[in-house]
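Chemist: Structure of the sequence below:
(one chain, ligands or ions: 1)
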Amino acid sequence: MSRPTASAPAAHGPDAPAERLNLFRDLVRQRGRVGVVVVLALLSSGGTLALPMLMAQVISAVQAGDPVFWWVAGMVGAALGGAVAGALATYQLQRMGNGLIYRLRDRVMRHSLGTWVEETRRKGAGDLSASLTADAARVKAAVETGLQLPLAAVTLIGTITVMAFLDWQLLLITAAAFAVAAMIVVAVMRSLRGTYLSVQYDVAHLAERFVAALGAITIIKAYRAEKRIGDDLGAVAERVYGLELKAARLESLVVPAITLGQQIALVAVIIGGGARVIDGRLDLAVFAAFLLYLLQLAAPLLMAASSLASIQAGVVAQQRFNEVFALPLESAGPAAAAADVPGPGAADAPAVRFDRVAFSYDDRPALDGVDLVVPRRGLTAIVGRSGAGKSTVLSLIERFAVPSSGRVSILGTPAAELPLEELRGRITFVDQTFTLLADTVRSNLTLGVDRVPGDDELYAVLAEVGLDDAVRALPAGLDTPLGGETDLSGGQRQRLALARAFAADTPLVLLDEPSSQLDSVNEHRLRGLVERLARDRAVVVVAHRLSTVQDADHIVVLDEGRVIGQGTHPHLTATSAAYAALLDGQMLRPRDEPAPEGQEV
Ligand SMILES: Nc1ncnc2c1ncn2[C@@H]1O[C@H](COP(=O)(O)OP(=O)(O)OP(=O)(O)O)[C@@H](O)[C@H]1O
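Modeler: So this is what the prediction gives:
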């Protein structure tokens, strides 16, 4: 079936746009939790900070010959307390990160299901799936390590303050030694942003191409194209690899830069401070404590640098999520309370009515001033050459897209006045490939049925399509999952898809007839089922077979987006030259005969 698009959200105007993802705002909203994490982390770094001070006290006590028990006990307490607080802080952080990606994944999936069909297709299944995996992981990492940034800053400021308090001259030497490292880190962070941007979009592109290839796996194998497609995908993977290597090269500069700064600082401090200790101008205990703080300085600096790198990647992932959330949602239609929803119109109102309906795909007209009527009961066939606009008519009835002008009425009510749920609740749609969900027979059968029908009722529906015995014979009967080892044949799947129309019991059924050849048994069965459905409801079939139009009670002939004839088969044969030409040109496939070679039907 072709895809409606472009003017899709226009008619009712988009409903309220989805809220954009803003990681910072999300953290502010969870300030209670963030507060707990910060307090725990502060306790943890407090323990770490206290250790050298306590150790200096131990040295002083030993020098003075005082007892050291309580100082040692304090050191043990600080170390243990710091470790426990650190573990709790890490767990809380993970909880927040996991909670965030759970909510994001949920939103992405619901949003992808809620946007216009064409938007989902345009964005691509692989690209959208990459948001659930790669992008979500990056956001989580950004939150987890990003929260370490203020903690690293607090530890850093605390350490520097204590160092200044111990000896400001040695601190100046330390700062000078770290200045070069800081410049390198800032330059690296700047380049990383652009590289992460390319990596993340290319990974999504790769996922998109791979999912598309898997969708076409039988064709790829049939045409022995595994190597060719594998090479194409490999080339994209190689590009990603190159970009990731570039990012790795940049990232790998950070640790050595900081370690180098620390080593230079250590040498400078030992030379400068050591001389003063020998002179007696600097206390040995103070000097030892300063050196320990200097050794501790690298940890918060490394933490800050890695947080900044993850934040860069997280910001790119945030941008990708926002692209998903910016996809326009289908308009839910008027938010009518149940009591206000117009019921099906008068019993004689047509099932479908198009008044001067026009629709374009990206400014290319597909329907132009279409007027058509589908009677309340019976089989209506829509015929026309390939590209005439038949599938577009079905899309507009289902409101997969909305007309750029004109009016579509369903069961006597203008479609625009019906909430989307209500509109689709009145219609059963059977697509050309008789798509089934990868789920059980039961859930496939009850798709779109609001009640919970009993097994007897479901078997009665299956009996309508001659599938009851086949389903009883499945390992778990109605609860057998489809698509696995136990599956139905092609013809049985078609009948199961059609059985939905009996189960949902809607007044309107839309069927995009398969343009491929059905075997005569299945064709015969399908015709019989469609005939039975059409006895007490309206069935609209996009017809590709002569047999279908011959059976139809009403026929709509489309050509280049316009209706060029409506009526019964004998009436049209007698009155419409265009219809006769359509039959003569064998645009409709005769029963049980293969399509003429080169003929697109
Ligand atoms: N997603 C799309 N984007 C752009 N143009 C489209 C899209 N889908 C259909 N069209 C164009 O709209 C016109 C009507 O297409 P439609 O699929 O409704 O024809 P159809 O009669 O169902 O054809 P077929 O019998 O081959 O399925 C065609 O010119 C087609 O090329």
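
Chemist: list the contacts for Ser60?
Modeler: By CB atoms under 8 Å, 6 or more residues apart in numbering, the residues touching Ser60 are 66, 285. Where you see a C-beta, it was placed from the backbone N, CA and C, and this is true even at glycine.

Chemist: cool, and the one 3 residues further on?
Modeler: Applying CB under 8 Å, 6+ apart, one finds that Gln63 lies in contact with Ala285.

Chemist: can you confirm it is in a helix?
Modeler: Yes: remark: Gln63 belongs to a helix, assigned using DSSP: H, G, I helix; E, B strand; the rest coil.

Chemist: Tell me the predicted confidence for it.
Modeler: Listed pLDDT for Gln63 reads 87.

Chemist: before we move on, what about Ile217?
Modeler: As summarised for this prediction, Ile217 has a pLDDT of 88.

Chemist: How many neighbouring residues does it have?
Modeler: Applying other CB atoms under 10 Å, we find 11 residues neighbouring Ile217.

Chemist: any idea how far it lies from Phe210?
Modeler: Noted for Ile217: a distance of 11 Å to Phe210, by CB to CB, to the nearest Å.

Chemist: What of Tyr459?
Modeler: Note on Tyr459: its distance to Phe210, by CB to CB, is 41 Å.

Chemist: OK, now which residue of the stretch 151-300 of the chain is nearest to the ligand?
Modeler: Residue of the stretch 151-300 of the chain nearest the ligand, by CB to the nearest ligand atom: Ala212 (16.0 Å).

Chemist: On the three-state scheme, the nearest residue to that residue once chain neighbours are set aside is what?
Modeler: In this structure, Ala212 finds its nearest non-sequential neighbour in Gly126, 6.5 Å apart by CB to CB, 6 or more residues apart in numbering. Classification of Gly126 by three-state DSSP places it in helix.

Chemist: mind checking how far Gly126 is from Ala18?
Modeler: Here Gly126 is placed at a distance of 21 Å from Ala18 (CB to CB).

Chemist: just Val267 next, same as before
Modeler: In this view, Val267 and Ala18 are 56 Å apart by CB to CB.

Chemist: more crowded one of these two?
Modeler: Set Val267 next to Ala18 and count neighbours by other CB under 10 Å: Ala18 wins out with 19 against 12.

Chemist: My guess is the residue nearest to Ala212 contacts Ala213. True?
Modeler: No: using CB atoms under 8 Å, Gly126 makes no contact with Ala213, being 9.3 Å away.

Chemist: now for the helix or strand hosting Glu323, which elements pack on it?
Modeler: Glu323 belongs to helix 284-325 when elements are defined using DSSP states H and E. Judged by 3 or more CB pairs under 8 Å, 6 or more residues apart in numbering; DSSP states H and E, helix 284-325 is in contact with helix 23-29, helix 31-64, helix 69-114, helix 136-146, helix 148-166, helix 168-215, helix 254-279.

Chemist: what's the closest of those helices to Val236?
Modeler: Among the helices and strands packed on helix 284-325, the nearest to Val236 by CB to CB is helix 168-215 (4.7 Å).

Chemist: so how far is the closest one from its chain's centroid?
Modeler: Put simply, helix 168-215 sits 25 Å off its chain's centre (CA atoms, centre = their mean, to the nearest Å).
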